[in-house]
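Enquirer: structural data only, the sequence is not supplied:
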């Protein structure tokens, strides 16, 4: 089953913050976050591993709650360049494959 | 580094024709993944290889789809015969070791249209 992301879509004014959530029905070993701009390939943002860690990347950070089988991506002081579709990819116990979430479309406006 | 290379970038074909998509992973990467992206189903893993060996092909939709990796620098995804429902963007990605903790680098994709 695909991880479920929320919200499905969000519109921000430049400088506002946003949170994107990713929930899985399976126990997670890892969570990957990618951003895809229209007509382009997904681009890696960060990986979180089992252990409840948090990571940061510029003004984008993420958390991983192993018990709740959830991850959240935090975008602070959003910029126009943050616009795109965000995907989480989850790795579970069996094998090395990722299952990608339903995606969250984010648009940052002036 | 050139990144993951895919060809062709666009392919338009008629139903029933054979289609071959090509991928060159990043040099030194041991794992290669084929994904399909559609509006309805999102980004789906079709098959992945470790050290040129297919590890999991459970995402391959049906026997019309086949994938090969004859060497570490080349892989193909073939659809024969193609159908309109195969229309999608097909991405190839590679990673250093293929583990769940490894970043995947995506190619630019092949946009396939089957008429």
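Expert: On my side now, so go ahead. What you are looking at is a predicted structure, and each value in this text was computed from that prediction instead of being measured.

Enquirer: chain B contacts on chain A?
Expert: Within reach of chain B by Cβ under 8 Å from any Cβ of the partner chain, chain A has these residues: A:2, A:29-30, A:32, A:34, A:40-44, A:47, A:49, A:87, A:89, A:91, A:95-103. For the C-beta atoms, the positions are set from N, CA and C on the backbone; glycine is no exception.

Enquirer: point out where chain B drops to low pLDDT.
Expert: Flagging of chain B using pLDDT under 70 yields the residue ranges B:1, B:100.

Enquirer: count of neighbours near residue 17?
Expert: Going with chain A. Neighbour count for residue A:17, taken as other Cβ atoms under 10 Å in any protein chain shown: 11.

Enquirer: nope, chain B
Expert: For residue B:17, the count of nearby residues is 13 (other Cβ under 10 Å).

Enquirer: hmm, it is touching residue B:82, no?
Expert: Yes: between residue B:17 and residue B:82 there is a contact under Cβ atoms under 8 Å: 5.5 Å.

Enquirer: what touches both of these two?
Expert: residue B:114 (Cβ atoms under 8 Å, 6 or more residues apart in numbering or on different chains).

Enquirer: follow-up on the earlier one: filter the residues of chain A next to chain B down to the buried ones.
Expert: Burial by neighbour count, 16 or more other Cβ atoms under 10 Å in any protein chain shown: within the residues of chain A next to chain B this picks out A:2, A:29-30, A:32, A:34, A:41-42, A:44, A:47, A:49, A:87, A:89, A:91, A:96-103.

Enquirer: show me the residues you listed that map onto strands.
Expert: Applying DSSP state E to these, the entries found in strands are A:30, A:32, A:34, A:44, A:47, A:49, A:87, A:89, A:91, A:98, A:99, A:100.

Enquirer: out of the residues you listed, the closest to chain B would be?
Expert: residue A:91 (3.2 Å; Cβ to the nearest Cβ).

Enquirer: could you find the closest non-adjacent residue to the residue nearest to the spatial centre of chain B?
Expert: By Cα atoms, centre = their mean, chain B has its centre lying nearest to residue B:34, at 3.1 Å. Once flanking residues are discounted, residue B:34 sits nearest to residue B:46: 4.4 Å by Cβ to Cβ, 6 or more residues apart in numbering or on different chains.
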